[in-house]
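Chemist: with the input below, show me the fold.
(chains A and B)
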Amino acid sequence: MIRATLKGLLAHKLRLLMSGLAVLLGVLAVSGSMVLTDTLSRSYSAMFDVAYDYMDVSVSVPPKVNTGYLAAPATMPASLAQRLRALPQVARATGNVSTQDGARVVGRDGKVVTSFGAPRIGLNWTGEDGFVRLRAGRGPAADNEIAINAGLAKATGYTVGDRIGVLTRAPRRTFTVVGVFGYSGNRDSLAGETIVAFTLPAAQRLLVGEPDVLTSVDLVAKDGVSPEQLRAAVAGVLGPAYRVQTAAELSRQAGDAVDQGLKFFNYILLGFAAVALFVGVFLILNTFSIIVAQRLRELALLRALGASRAQVVGSVEAEAFVVGLVSSVAGLLLGVGTGRLLAWWSATAFGGGVELAPTSVPPSAILAGLGVGIGVTMLAALGPALRAARIPPVAALRESSTGKTRLGRITVAGLAATIAGAALLAAGLTGHAGPAEPLVALLGGVLLVLIGIALLMPVLVRPVVAALGAPVAFWTPGRLGERNSARQPRRTAITAAALMVGISLVVGIGVILTSVTRSFDQALGNRIKVDLIIAGEQTGPLPPTFDGAVLDQVRRMPEVETVLGFTTDVGVVDGSQTPIGAVTDSTVMRSLFGLRATAGTLDGLGAGQFLIDDTTARNTGQHVGDHLWVQLTKGGPRQFTVTGIYARESGLSGWLTGAAESRNFRGADPSTGLIKVRPGASVPAVKARIAGLLTDSPEATVSDRSGYVRQQTSALDSLRGMVQILMTMAIIVAVLGIINTLALSVIERTRELGLLRAIGLRRAQLVEMIAVESVIISLFGALLGVAAGVALGAAAVQGLHDQGITALGLPWAQMGAYLALGVVIGTVASIAPAIRAARLNVLTAVAYE
Amino acid sequence: MAGEATAQAPAVPAVRAMRVGKVFGAGDAQVVALDDVHLTVDARQLTAVMGPSGSGKSTLLHCLAGLDAVTSGEVWIGGTRVTGLSDARLTRLRRRQVGFVFQQFNLLPTLSARENIVLPLAIAGRKPDPAWFDEVVAAMELGDRLEHRPAQLSGGQQQRVACARAILSRPDVIFADEPTGNLDSRSGTEILRLLRDAVHRQGQTVVLVTHDAHAAAYADRVVFLRDGRIVSELREPTAERVLEHLARLDSAARAGSRT
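Modeler: Numbers count the residues shown, from 1 in each chain, chains lettered A, B, ... in the order given. Presented below is the predicted three-dimensional model:
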């Protein structure tokens, strides 16, 4: 049996190679992502160990609203540093003021320097130590002086002596660069972050907005005192209100934060792997079905000679194991290389000065890569293997026994899977998934629906192909190609399924994104009576703000009727974190948004009061007059009262409070300003004047409605792009699948092709015939993919209705493009098989057995 | 137009093979399949090519039909020199001047009987003459089977569809390679009778390769092949005379191999 298996492998090497390629790509992505994150994680850990080597213990106050590493730090009195310095175990105490994304530099082009997601840190200059080293100049001594890190200096070209604009809690101020610093090991930055170092008073005023406070105190222990001893001593003195951590703990914590960030890479690559493997299953399934069909007589003969069913299954599965093993090993090797390359690239592009740790292949990567690769291959081959086992021994004696495939059971299974998937999807969307995560229910639902559609595809082949072939039915090669594509519905269906899956995912996401844009557009266009919007495009991890004084200036313009400002932050309401917006005037808001109160009043919202939308009220069980404990970024916990409930509208939902509360927010500056111009006034003229007011808030721009929609939805385009990159994977595998199927058809129909040539079909017509068959198969997949994508997307949009996505928008251009892509893919895939068919010698083809 | 003129028409050669040689392989593995074959196939006649297996009769048919290139000599079909034609010219020749009936795999399984019959014309972008189509279909007794797929037809019916397809385009010559080889004797007899009627009533020219003496008996002329050479021929054969002739050839061969 083993020999028969191996011979079978060699005989089908090209076909196996193609299905193996899908496995290879999947394993490559799986192992690549693991090597990447492992390498980066170890690199950053090593770096943090160095960074925290120059202190033993750090004292800080837990943030009042802990939103992760970007949380606005809570402060402590500056006198605490003196108190700690006086402790007998302490050799040195350094007071720090530092905020993530607290200082953004305006570049030479007048735009705010971006850091690709890394924080733009503002802090106080505490002098050089073993870790921080000046490269040029000196530390800041006056409040209008700063030092910048070498990473920032390189990114902007700024150097000592330059006067540069910096945005902090205050609008743009100009500072003189007096020093440029780096880190030990000649690092320019730690992880791509930019740093602006101020004097302590400037840092206190500009970064936290309070005099005589610190955000942390770094302690160095006296000789003979261990960090743990020091921590215990300090904690004993300060009590539980303070957080006392050793350098090792901080390093681990920072490393964990990086690992969290790296998960993003992981998700992308694992998504890549999932698509490749899911689509690859179809290719493998098809390949093994074909191999079994071709070896029908051989397998029947083996059965006639006494092989058991289990042996036949074993023979096919052994073949699958070898294919899985070979492609997984190849994928693993390439994955290690790819992971290393990506690690190097991301460290160079974003990491600044990260020294890459030597590559090692984590055992988990080997296990996951081989396990997934071999597992998927063997699983996909199981169906064909079981079918092979059902071949009766007498089939060896029959002339031909390519019996009719029974589609009944498959269709029933497909219907069942589609319905079950739709139900799961609905449960996930409406949040009634029970104990399971909504995301798991969603993904599982999508997966089931796609599998269900793939199973339903065989019965759809004949009608859909007949419709697709109608335009070419008058043309003989076209008609022949169309008939051929419907000849083996199951094979056509499996071949097209790969494309269906890929396209349905992109189109589904496309439908959601288009609907989001359209809902936003409609809300802004129909219901919200706004002419101009001041808002920023996010260039860092935190949403940008602008100088609150601008709104007052705008309000004083004679052409302006009303102005509304929004300030946002995250607070803790009744124990759970939630975004909170502060509005300058709730009465203006009510008229601009056309809000309707379902309870209480919407007017005169002040400090300590909340307006909430009806859905939130229902979900949290709040009523007008209810009292809630609220913790904002600053100040202590306080009781708020719900004074009104409004009917939810697109663009406005959630917890709103009066503008007076914004002083307890991370920053009091507004993130959005809405302006309504008096009738008759020129909107462009007002826009130009407002733009002039915003010169010191370069993160924000003023735009009219359509410009605002474009600005706010431009982030969706990158998401769309990312999904499309994932899709290329499915397309590659789909093209392989179509080539595979066509090549097989050419071999199977050699005599038929010879006959056609003998009765006068030209080579070009033969090529056309095969191209039509190929295009119809891929168009079939593309069409079902678009249909399934629209269905899935529409279902999601329906489910997101409560999130303010009220309009369904179809990405017509995208859908058209994917149908066109179907034609292109079909044509490309047909090239090699068609050439092979055209090269057939007529005589040998006719005589082919 | 086809029916009435046949019997008295002068015998114009439909196919000519001039000093045709065909060699397979090279060196030690060289096999001479055809050796200096001279053959003229008269138009409006049913010519059978017979010979023991390995005598080269199928090779001769392939060479005459332009399916295979000759090693030496020339093949002409009507006024066209087949030898040396490009693939495109050969395709045109097949469309206009040659019809085929093979032993098996004769029809496209995806097309109905009607579509199969008109396929060569459709490929060439021509329309069948409806009256001629009806005549051919009637002659092949296929009137009620036209919308069936090949899988729904018996072997004999399938072969009749193939014959109708070959006849419909009015080729200079129809080559039939063992057309009865896969059929039971009744269906085979019927095919032969229909082919002969097509020759005599409709003025077709048919070259038939067979190893069956009863099949050869339907021909106007039988050409005997042995070891790649034409060794003799019979006109107006009967099955008995063909068998007798074959037996003589066989013993001559045995005698020859003894020397």
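Chemist: alongside chain B, which residues does chain A contribute?
Modeler: With C-beta under 8 Å from any C-beta of the partner chain as the criterion, chain A meets chain B at residues A:476-477, A:480, A:483-484, A:486-487, A:751-752, A:755-763, A:765, A:842-843, A:846. C-beta: built from backbone N, CA, C; applies to glycine.
Chemist: did I read that right, residue A:604 in a helix?
Modeler: No. Counting by DSSP: H, G, I helix; E, B strand; the rest coil, residue A:604 is located in no helix; its state is coil.
Chemist: tell me who's in contact with it.
Modeler: A:586-587 (C-beta atoms under 8 Å, 6 or more residues apart in numbering or on different chains).
Chemist: please report how far it lies from residue A:555.
Modeler: For residue A:604, the distance to residue A:555 (C-beta to C-beta, to the nearest Å) stands at 18 Å.
Chemist: repeat for residue B:233
Modeler: In this structure, residue B:233 and residue A:555 are 115 Å apart, going by C-beta to C-beta.
Chemist: okay, strands next: where are they in the stretch 201-350 of chain A?
Modeler: Per DSSP state E, counting those that start in this stretch, the stretch 201-350 of chain A carries strands over the ranges A:213-214, A:216-221, A:243-246.
Chemist: can I get the ones you listed in JSON lines including mean pLDDT?
Modeler: As requested, the strands of the stretch 201-350 of chain A are arranged in JSON lines below (pLDDT from 0 to 100):
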{"stretch": "strand A:213-214", "mean pLDDT": "93"}
{"stretch": "strand A:216-221", "mean pLDDT": "92"}
{"stretch": "strand A:243-246", "mean pLDDT": "92"}
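Chemist: any chance of those in JSON lines with mean neighbour count and distance to residue A:722 as columns?
Modeler: Compiled in JSON lines, these are given as follows (neighbours: other C-beta atoms under 10 Å in any protein chain shown; distance: least, C-beta to C-beta, whole Å):
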{"stretch": "strand A:213-214", "mean neighbour count": "24", "distance to residue A:722": "41"}
{"stretch": "strand A:216-221", "mean neighbour count": "24", "distance to residue A:722": "37"}
{"stretch": "strand A:243-246", "mean neighbour count": "19", "distance to residue A:722": "36"}
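Chemist: which SSE is immediately downstream of the helix or strand of chain A with the lowest mean pLDDT?
Modeler: Least confident element among the helices and strands of chain A, by mean pLDDT, DSSP states H and E: helix A:2-11 (a mean of 59). Counting by DSSP states H and E, the next helix or strand C-terminal to helix A:2-11 is helix A:13-51.
Chemist: what helices or strands is that following helix leaning on?
Modeler: On a contact count with 3 or more C-beta pairs under 8 Å, 6 or more residues apart in numbering or on different chains; DSSP states H and E, helix A:13-51 meets helix A:247-294, helix A:309-349, helix A:363-389, helix A:705-748.
Chemist: do you know how far the residue of the stretch 101-250 of chain B at minimum distance from chain A is from residue A:333?
Modeler: Residue of the stretch 101-250 of chain B nearest chain A, by C-beta to the nearest C-beta: residue B:110 (3.5 Å). Distance of residue B:110 to residue A:333, computed by C-beta to C-beta: 45 Å.
Chemist: between the two, which one's more packed in?
Modeler: Taking neighbours as other C-beta atoms under 10 Å in any protein chain shown, residue B:110 and residue A:333 compare with residue B:110 leading, 19 against 16.
Chemist: quick check: that one is in a strand.
Modeler: No. Using three-state DSSP, the assignment for residue B:110 is coil, not a strand.
Chemist: what are the phi and psi values for it?
Modeler: The phi/psi pair for residue B:110 (degrees, to the nearest 10) reads phi -80, psi -10.
Chemist: just to revisit the earlier point, filter the residues of chain A next to chain B down to the buried ones, PyMOL style.
Modeler: Listed next is the PyMOL selection for buried residues among these, using 16 or more other C-beta atoms under 10 Å in any protein chain shown:
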select buried, chain A and resi 476+477+480+483+484+486+487+751+752+755+756+757+758+759+760+761+762+763+765+842+843+846
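Chemist: in helices only, show me the residues of chain A next to chain B.
Modeler: A:476-477, A:480, A:483-484, A:751-752, A:755-758, A:763, A:765, A:842-843, A:846 (DSSP state H).
Chemist: and which of those residues is nearest chain B?
Modeler: Of all these, chain B sits closest to residue A:483, with 3.5 Å by C-beta to the nearest C-beta.
Chemist: my read: the closest one touches residue B:112, true?
Modeler: No. Look at residue A:483 against residue B:112 with C-beta atoms under 8 Å: they stay out of range, at 10.2 Å.
Chemist: ok, now which ones touch residue A:584?
Modeler: Neighbouring residues of residue A:584 by C-beta under 8 Å, 6+ apart: A:551, A:563-566, A:659, A:670.
Chemist: let's see 7 Å
Modeler: A:551, A:564-565, A:659 (C-beta atoms under 7 Å, 6 or more residues apart in numbering or on different chains).
Chemist: out of the residues you listed, grab the one that's most surrounded.
Modeler: Ranked by neighbour count (other C-beta under 10 Å), these have residue A:565 at the top, with 27 neighbours.
Chemist: let me know the helix or strand that residue B:19 is in.
Modeler: Using DSSP H and E, residue B:19 sits in strand B:13-24.
Chemist: what about that strand, average pLDDT?
Modeler: Average pLDDT, strand B:13-24: 90.
Chemist: residue B:236 - how many residues pack around it?
Modeler: Using other C-beta under 10 Å, residue B:236 has 10 other residues around it.
Chemist: for it, what are its contacts?
Modeler: residue B:220.
Chemist: roughly how far does residue A:21 sit from chain B?
Modeler: Between residue A:21 and chain B the computed distance is 31 Å (C-beta to the nearest C-beta, to the nearest Å).
Chemist: tell me which residues touch the residue lying closest to that residue once chain neighbours are set aside, please.
Modeler: Ranked by C-beta to C-beta, 6 or more residues apart in numbering or on different chains and with sequence neighbours excluded, the top spatial neighbour of residue A:21 is residue A:736, at 6.1 Å. Contact analysis of residue A:736 by C-beta under 7 Å, 6+ apart lists A:18, A:21-22, A:283.
Chemist: and if we set it to 8 Å?
Modeler: Taking C-beta under 8 Å, 6+ apart as the test, what residue A:736 contacts is A:18-19, A:21-22, A:283.
Chemist: could I get those in TSV, plus columns for distance to residue B:83?
Modeler: Below are these laid out as TSV (distance: C-beta to C-beta, whole Å):
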residue	distance to residue B:83
A:18	42
A:19	46
A:21	46
A:22	49
A:283	47
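Chemist: now, among these, which is nearest to chain B?
Modeler: residue A:283 (25.1 Å).
Chemist: what's the local residue count around that closest one?
Modeler: Neighbour number of residue A:283 under other C-beta under 10 Å is 28.
Chemist: report the separation between it and residue A:451.
Modeler: From residue A:283 to residue A:451 the distance is 15 Å (C-beta to C-beta).
Chemist: also residue A:186?
Modeler: Separation of residue A:186 from residue A:451 (C-beta to C-beta) stands at 54 Å.
Chemist: okay, those two: which has more neighbours?
Modeler: For residue A:186 versus residue A:451, neighbours defined as other C-beta under 10 Å are more numerous around residue A:451 (20 against 11).
Chemist: so the more buried one touches residue A:417, yeah?
Modeler: Yes. Contact status for residue A:451 versus residue A:417: in contact at 5.1 Å, counting by C-beta under 8 Å.
Chemist: doesn't residue B:225 lie inside a helix?
Modeler: No. With three-state DSSP as the criterion, residue B:225 is assigned strand and is not in a helix.
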